[in-house]
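Participant: give me a model of this one.
(2 chains)
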Amino acid sequence: MLGFFGTSADSDLCHLQLGNGSVHHELIRPNNYRQRSVIRCCSTARGRTKDYYYQVLGVTVYSTPQEIKEAYRKLQKQHHPDIAGYKGHDYTLLLNEAYKVLMRSLSRHADGKSRAGPLWKWSHWDGYSSWNGPVRSQALFVDENKCIGQLAVESCPVNCIHWVDSQELPMLGFLSRPQPKAMASSVVGGNGPRTCSQQPRTLPRDSKGWSRNLNGSNPPEATVGIQTAKLKQRRRLRRGLVDVWNVLRRWRKGGTDQ
Amino acid sequence: MAEQPYTVASDSETTGEDKSQPSFPDVAIGIDIGTSKCSVAVWNGHQVELLKNTRNQKGMRSYVMFKDDNLSAGVTGGAARENAHEERDILSGSAIFNMKRLIGRMDTDEVVQASKTLPFLVQTLGIGVRPFIAALVNNMWRSTTPEEVLAIFLLELKALVEMHLKHPVRNAVLTIPVAFSRFQQTRIERACAMAGLHVLRLMPEPTAVALLYAQQQQQLMHDNMGSGIEKIALIFNMGAGYCDVAVAATAGGVSQIRALSGCTVGGEDILQNIMHHVLPNFDSLYAGQTMDRIRSMGLLRIATQDAIHRLANQETVEINVDLGNGQKLSKVLDHSEFEQVNRAIFEKCEKIINQCLLDAKLVPEDINDVILVGGCSRIPRIRSLVLGLCKKEVSYKNIDALEAAVSGAALEGAIASGVTDPSGTLDLLTIQATPMNLGIRVDGDNFAAIIPRNTTVPARRDMLFTTTHDNQTEALIAVYEGEGERAEDNHLLGYFKITGIPPAPKGSVEISVCMDIDASNVLRVFAGVVKPQGPAIPPFIEVRMPTLDDGHGWCGQALAKTYGKTLDLAVLPKKLQP
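Facilitator: The predicted structure is shown next:
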């Protein structure tokens, strides 16, 4: 697979220095062939996550669209083939991809303002979990930090899948994702260190297929089972998150006042 | 016309090598070949300088005059010879012009059909081959090709530049219309190669204007210490042959093309419409080109053109022509009549502007500046139409409508040649986008777009396909470009076969087709079997597109006739989709 791109670059691994010089990481040539046949609730099926794209552009998850644009342009000015010559081709491809993915998720959020309710101000939350399907009061949430790859709510041995109010999705998504250091210690301190290698998944996108399945074609008795499981899970989950939620709300107040 | 040296010279790999040692004399020049006028500019170390010809013109009429054994292009306008060419000489049938409308088009194309009213010979057979073009030399039609005419013109242009710069020039950045297909682009490259010019970049005209705008905005920012806020500009460019629209987001010297659209309408169409309007029996009158008909048609053309120009500033104009043979034409034309006759053209302009805004996901309120360039931007109706659609009172002022594209091309030439300017004047970049969908034919005559239009360049996308028959061992990859939903409605760029597919039930083999466009707009297609894997799988194939040389109208039909659906592919349904 790598061989046939031989004309475009001389090595398959490019070591690149990002704009600020502080992040030095390895760029592995894109794997264009994704696995599409396996559906797992947390996997690296797509190979790249938004985290990776944030790193590529050297921005944080809290960056505004304006900041992402500026970072993108700045990097383009260094690496675009017009300026850097043909060797900039592959890196520019990656920049374009990262920019497209991040901007798209931001604009999708902007469109869904009304549905997101009181949380809409959190523009950087987009890219976290949000439900794009029909408006419903409940949604499935997968705690990626626990997940070991099971699919069904009941059979998951580590309780990583929960039924929650769809309004809570972004918040939960936010809590379960890697945070900048300062945030992580103040908000989710007890839950252990998180690194960027833990890849958050936006749940609805990956699981829409099968969650709709659960909804639509399941026989009634299964639905009842799910209902009870749902209630249990929800209670358990809520208790754990309540204090975190409160901390976060306080922080958020401070943040928006600025 | 030797082909081999040209193909090698325009390969982008050589471009990369060239740029490793930039030296000042290698700065690429910027050329704007217009349908009607042409100009050339160069970065002189401090700024962009437009070059003038011996007649002190910056915009040189695009034509080549065939006279006896002499050829002379519009660059010098025949000034070096006994007397300068006048418009009447150009319309005598001895000169070929409108090369840009004819280049790379088949004789079934309606643009070629409409060109039959030009004074030189355009003969069509209507079967999808290149038209026969000839100029009148000593009462004889002498055949030529648009590429050849363009090459002669470019050769004279190159000589002019070399005279000014006092060193040989090799590289050039040319502007092209958005509506140009990749096949037409190769024709332009070939014409350049024949003239000894290496094409560094082919830039869509409005994107060249966007680059100039980015430079001006950055200059303003430096002067006023203003903040580098993003500005959205809509660039509308309408010349004699083509109409283009681009939406560009500009900040910090980077102009990012958000959307592009274009169509083949321009001043030439307006002129034709008016000529048919003032002389209703135009077609029957000028069927078959005899000497006196050519002369009389030339007179009508000059008078109409003049009337259209005057109409930009006047309420009404009078057209008075003595067509010869006792025929006199006298007609008064006013604005409402003019607009009525050309309504279809204005509607087309409106359509592509709306399309462009839609593609850029913007509303008129988002636009900061409307830039109107090209000769036709002087027409009041066009101005009001564009400004009205963008909900603006006035257009952007600091850009010269006729010099913008060539200045942008010269800037790009300097940037892509690796020139840096200590004052930061060249700290610029255009991030281009693809103007048309690129994809392959699937399932009979369907078109699967792999790189959709307005994708940021450089771009690389891939898509998985599968076989449509059990034990299918070969598959045809036919690459198309265009906006149509059916493959037949688009331009065929080339085709190749994947052979040695392991026998399997239909739908179980995965074939990946990857398209890659680099910054110099070279398209490469990679294809091969990705599932099943193993040593029994044939190697991937890399093809540089377009591979087709000529008569491309026939190829698609011939392929369909010979192979039917036996080599078809189908899009592999995405399993993760809802």
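Participant: contacts and neighbour counts: CA atoms only from here.
Facilitator: Noted.
Participant: so the residue lying closest to B:Leu567 once chain neighbours are set aside bridges to which residues?
Facilitator: In space, and not counting its chain neighbours, B:Leu567 is closest to B:Ala475: 4.5 Å by Cα to Cα, 6 or more residues apart in numbering or on different chains. Per DSSP bridges, the residues bridged to B:Ala475 are B:Ile498.
Participant: what's the neighbour count on B:Ala475?
Facilitator: 22 (other Cα atoms under 10 Å in any protein chain shown).
Participant: and whichever residue of the stretch 301-450 of chain B sits closest to chain A, what is it in contact with?
Facilitator: Residue nearest to chain A within the stretch 301-450 of chain B: B:Ala416 (4.9 Å; Cα to the nearest Cα). Residues near B:Ala416 by Cα atoms under 8 Å, 6 or more residues apart in numbering or on different chains: A:82-83, B:19, B:28, B:200.
Participant: neighbour-wise, which of those leads?
Facilitator: Of all these, B:Ala28 has the most neighbours under the rule other Cα under 10 Å, reaching 32 neighbours.
Participant: check what pLDDT that one gets.
Facilitator: If you check B:Ala28, the pLDDT there is 94.
Participant: quick check: it touching B:Val169?
Facilitator: Yes - using Cα atoms under 8 Å, B:Ala28 makes contact with B:Val169 at a distance of 7.4 Å.
Participant: residues near the nearest residue to B:Asn320 once chain neighbours are set aside, how many?
Facilitator: Counting by Cα to Cα, 6+ apart, B:Asn320 lies nearest to B:Ser330, which is 4.5 Å off, once chain neighbours are set aside. By the criterion of other Cα under 10 Å, B:Ser330 has 12 neighbours.
Participant: may I see the buried residues of the helix or strand containing B:Ser330?
Facilitator: Assigned by DSSP states H and E, B:Ser330 belongs to strand B:327-334. The neighbour-count check on strand B:327-334 (16 or more other Cα atoms under 10 Å in any protein chain shown) flags B:Leu333 as buried.
Participant: packing partners of that strand?
Facilitator: Here strand B:327-334 touches strand B:316-324, going by 3 or more Cα pairs under 8 Å, 6 or more residues apart in numbering or on different chains; DSSP states H and E.
Participant: same for the strand it packs on, what does it pack against?
Facilitator: Using 3+ Cα pairs under 8 Å, 6+ apart: strand B:316-324 touches helix B:291-311, strand B:327-334.
Participant: for the helix or strand that comes right after the last one, the averaged confidence score.
Facilitator: The one in question is strand B:327-334. Next helix or strand after strand B:327-334 toward the C-terminus (DSSP H and E): helix B:335-341. What helix B:335-341 shows for mean pLDDT is 93.
Participant: can you tell me what sits against helix B:335-341?
Facilitator: Applying Cα under 8 Å, 6+ apart, the contact partners of helix B:335-341 are B:273-274, B:277, B:311, B:315-316, B:381.
Participant: go again using 10 Å as the cut-off
Facilitator: For helix B:335-341, the surrounding residues in contact (Cα atoms under 10 Å, 6 or more residues apart in numbering or on different chains) are B:270, B:273-274, B:276-277, B:308, B:311-312, B:314-317, B:342-343, B:345-346, B:380-382.
Participant: outline the domain layout of chain B.
Facilitator: Using automatic domain parsing, the domains assigned to chain B come out as B:4-204+B:405-431, B:437-571.
Participant: so for residue 241, what's the pLDDT?
Facilitator: Just going to use chain A. 55.
Participant: that's the wrong chain, I wanted chain B
Facilitator: As predicted, B:Gly241 sits at a pLDDT of 93.
Participant: for B:Ala114, see how far away it is.
Facilitator: According to Cα to Cα, to the nearest Å, B:Gly241 and B:Ala114 sit 12 Å apart.
Participant: can you check B:Gly266 too?
Facilitator: B:Gly266 is 13 Å from B:Ala114, by Cα to Cα.
Participant: show me what contacts B:Asp445?
Facilitator: B:485-489, B:560, B:565, B:568.
Participant: most neighbours out of these, which is it?
Facilitator: B:Ala487 (25 neighbours).
Participant: quick check: phi and psi at that residue.
Facilitator: With angles defined as degrees, to the nearest 10, B:Ala487 sits at phi -60, psi -40.
Participant: low-confidence bits of chain B, can you list those?
Facilitator: B:1-25, B:77-84, B:224-228, B:550-553, B:575-578 (pLDDT under 70).
Participant: how about the residue of the stretch 151-300 of chain B found nearest chain A: what's its closest non-neighbour residue?
Facilitator: When scored by Cα to the nearest Cα, the stretch 151-300 of chain B has B:Val254 as its residue closest to chain A, at 6.6 Å. Leaving aside its chain neighbours, B:Val254 sits nearest to B:Leu429 (4.7 Å; criterion: Cα to Cα, 6+ apart).
Participant: residues in contact with that neighbour?
Facilitator: So B:Leu429 contacts A:73, A:76-78, A:80, A:82-83, B:210-211, B:214-215, B:250, B:252-256, B:411-412, B:415-416 (Cα under 10 Å, 6+ apart).
Participant: any chance of the backbone angles for it?
Facilitator: Dihedral angles (degrees, to the nearest 10) for B:Leu429: phi -160, psi 140.
Participant: that one and B:Ser520, how far apart?
Facilitator: 13 Å.
Participant: ditto for A:Val101
Facilitator: As for A:Val101, its distance to B:Ser520 is 24 Å (criterion: Cα to Cα).
Participant: quick one on the thing from earlier: weed out the non-buried ones from the contacts of B:Leu429.
Facilitator: Buried among the contacts of B:Leu429 by 16+ other Cα under 10 Å: A:73, A:76-78, A:80, A:82-83, B:210-211, B:214-215, B:250, B:252-256, B:411-412, B:415-416.
Participant: checking B:Val112 next. Helix, strand or coil?
Facilitator: Classification of B:Val112 by DSSP: H, G, I helix; E, B strand; the rest coil places it in helix.
Participant: ok, now which ones touch the nearest residue to it once chain neighbours are set aside?
Facilitator: In space, and not counting its chain neighbours, B:Val112 is closest to B:Leu102: 6.2 Å by Cα to Cα, 6+ apart. Counting by Cα under 10 Å, 6+ apart, B:Leu102 makes contact with B:35, B:109, B:111-113, B:115, B:122, B:130-131, B:133, B:145-147, B:184, B:241.
Participant: and the pLDDT for A:Gly173?
Facilitator: At A:Gly173, pLDDT is 56.
Participant: go on, the one 5 residues further on?
Facilitator: Reported pLDDT at A:Pro178 in the predicted model: 43.
Participant: got it, and the one 3 residues further on?
Facilitator: Here, the pLDDT recorded for A:Lys181 equals 35.
Participant: just the contacts of B:Ala416 now: which is nearest B:Gly500?
Facilitator: Of all the contacts of B:Ala416, B:Gly500 sits closest to B:Leu200, with 38.0 Å by Cα to Cα.
Participant: quick check: that closest one touching B:Gly418?
Facilitator: No - with contact defined as Cα atoms under 10 Å, B:Leu200 does not reach B:Gly418; the gap is 11.8 Å.
Participant: shared neighbours, the two?
Facilitator: With contacts defined as Cα under 10 Å, 6+ apart, the residues shared by B:Leu200 and B:Gly418 are B:28, B:412.
Participant: can I see the domain layout of chain A?
Facilitator: A:3-114, A:128-257.
Participant: which of these has the lowest average pLDDT?
Facilitator: domain A:128-257 (a mean of 48).
Participant: tell me which parts of the stretch 151-300 of chain B are close to chain A?
Facilitator: Within the stretch 151-300 of chain B, the positions near chain A by Cα under 10 Å from any Cα of the partner chain are B:201, B:228-230, B:250-256.
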